[in-house]
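A.B. asks: Can you look at this prediction? I've put the sequence above it.
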Amino acid sequence: MSLIQTPLKTVSNTNNANSAAIKKIFDDNELDDLQKFLDRKSCLNKSNLYMIYVFHIVQSAGVLTTSIATSYGETKYIWLGIGLNILASLITVFEKTNQSIAKKLDKDIQSIKDGTYVDEGDMASVFVEGQQQQTINPIQQQESQLQP
């Protein structure tokens, strides 16, 4: 009877060890994702601040150029002013895109805080500083720890 119980205890201990290892991997993943999200959100906020200032400068320059060129009848400068206004519009589009990305990041950050985070979003990237991060299968990691 004791021979049968010994393997069962070993299997149970292995399952507990596997469960603990898997839980640790998921917890580490959430912490890594949270740090990435916070870094990206900070970067987006800073870039949006600069974009807002650049938008106003470019738009004002476009309006001023178009107004002055119209008063002097300079067609090519009118088009320059129109081009500056188009550039200002593009800057606004980039700013709005950054804002929508920041909102998605906020939702992911809040779900990590609430404990309901599921790593299925577009915001969780596997790229770190321009190089693809290598992921290790939990079983491979455990096998490498068992080998002497």
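C.D. replies: Here it is on my side, so go on. Keep in mind it's a predicted model, so treat the numbers as computed, not measured. Residues are numbered from 1 along each chain as shown.
A.B. asks: any idea how far the host helix or strand of residue 32 is from the chain center?
C.D. replies: For residue 32, the host element (DSSP states H and E) is helix 2-72. Distance, stretch centre to chain centre, for helix 2-72: 3 Å (C-alpha atoms, centre = their mean, to the nearest Å).
A.B. asks: quick check, distance from the helix or strand following it to the centre of its chain.
C.D. replies: With elements assigned by DSSP H and E, the helix or strand that comes after helix 2-72 is helix 75-114. Distance of helix 75-114 from its chain centroid, counting by C-alpha atoms, centre = their mean, is 16 Å.
A.B. asks: Packing partners of helix 75-114?
C.D. replies: helix 2-72 (3 or more C-beta pairs under 8 Å, 6 or more residues apart in numbering; DSSP states H and E). To be clear about C-beta, it is placed using only N, CA and C from the backbone, and glycine gets the same treatment.
A.B. asks: Apart from its neighbours in sequence, what residue is nearest residue 91?
C.D. replies: residue 55 (4.5 Å; C-beta to C-beta, 6 or more residues apart in numbering).
A.B. asks: Where in the chain is the helix or strand with the lowest mean pLDDT?
C.D. replies: In the chain, no helix or strand scores lower on mean pLDDT, DSSP states H and E than strand 127-128, which sits at a mean of 42.
A.B. asks: can you list the weak-confidence ranges in this protein?
C.D. replies: The model of the chain has pLDDT under 70 over residues 1-13, 120-148.
A.B. asks: repeat that with 50
C.D. replies: 1-3, 8, 124, 126-138 (pLDDT under 50).
A.B. asks: rewinding a little: contacts only, for the residue nearest to residue 91.
C.D. replies: 88, 91-92, 95 (C-beta atoms under 8 Å, 6 or more residues apart in numbering).
A.B. asks: Return the member of these nearest to residue 71.
C.D. replies: Distance to residue 71 across these (C-beta to C-beta) is lowest for residue 88, with 20.9 Å.
A.B. asks: Identify the residue spatially nearest to that closest one, adjacent ones excluded.
C.D. replies: Distances taken as C-beta to C-beta, 6+ apart put residue 59 closest to residue 88, at 3.9 Å, once the chain neighbours are dropped.
A.B. asks: Just to check, that neighbour is in contact with residue 85?
C.D. replies: Yes: between residue 59 and residue 85 there is a contact under C-beta atoms under 8 Å: 6.3 Å.
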